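Chemist: Structure for this input, please:
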Amino acid sequence: MIERRISQLERGRTSVSSVSVQPQKRPGQLRIAVPVDGGLISQHFGHAELFLIAEVEDGEIKRTETKTPPPHEPGAIPRWMNELGVDVIITGGMGRRALALFDEYGIKVVVGAPQIDPIEAIKEYLKGTLITGENVCSH
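Modeler: Numbers count the residues shown, from 1 in each chain. Next up is the predicted model:
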């Protein structure tokens, strides 16, 4: 999907002010991201050492990869997740600002996930059996 924000210039010309290219997905495909610390789901999204990205097709995990996030600064990780084409994030906790940014990008956020193996959490999410609690982040 290509997103373009086009602004009109005074003389009737247009210019592209920003372009974001996301990976192509077919119907039934989903990209799920999980912040990971020490091999388990991170309880603080913005400070995770790694992110597990799972490509799901027709309800099954087809491929996973780990990625190192950009430096922690306001808006950087939500923008990065959008560029990666992520559809869903599963995390223990996330601040209000990040939640709002993900909402703007149309990315679903599942907070309150327990500190468990991220692959197991994704499988439970896909089956509808992932038990979540409160958002453990208070800012």
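Chemist: for residue 33, what are its contacts?
Modeler: 51, 52, 53, 54, 81, 84, 86, 88, 89, 90 (C-beta atoms under 8 Å, 6 or more residues apart in numbering). The C-beta positions use only the backbone N, C-alpha and C, and glycine is treated the same way.
Chemist: Listing partners with orientation, what would you give for the host helix or strand of residue 51?
Modeler: Using DSSP states H and E, residue 51 maps to strand 50-57. Sheet pairing of strand 50-57 (DSSP bridges) gives strand 29-37 (antiparallel), strand 60-67 (antiparallel).
Chemist: Export only the CA atoms of the last one, formatted as CSV.
Modeler: Yep, that's strand 60-67 we're talking about. Output in CSV follows, covering the C-alpha atoms of strand 60-67 (Å, rounded to 0.1, in the frame of the first residue of the first chain):
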residue,chain,number,x,y,z
GLU,A,60,-1.1,-19.8,10.7
ILE,A,61,2.4,-18.3,11.4
LYS,A,62,4.4,-18.7,8.1
ARG,A,63,7.5,-16.8,8.9
THR,A,64,9.1,-14.9,11.8
GLU,A,65,12.0,-12.4,12.1
THR,A,66,13.5,-10.3,14.8
LYS,A,67,14.2,-6.7,14.3
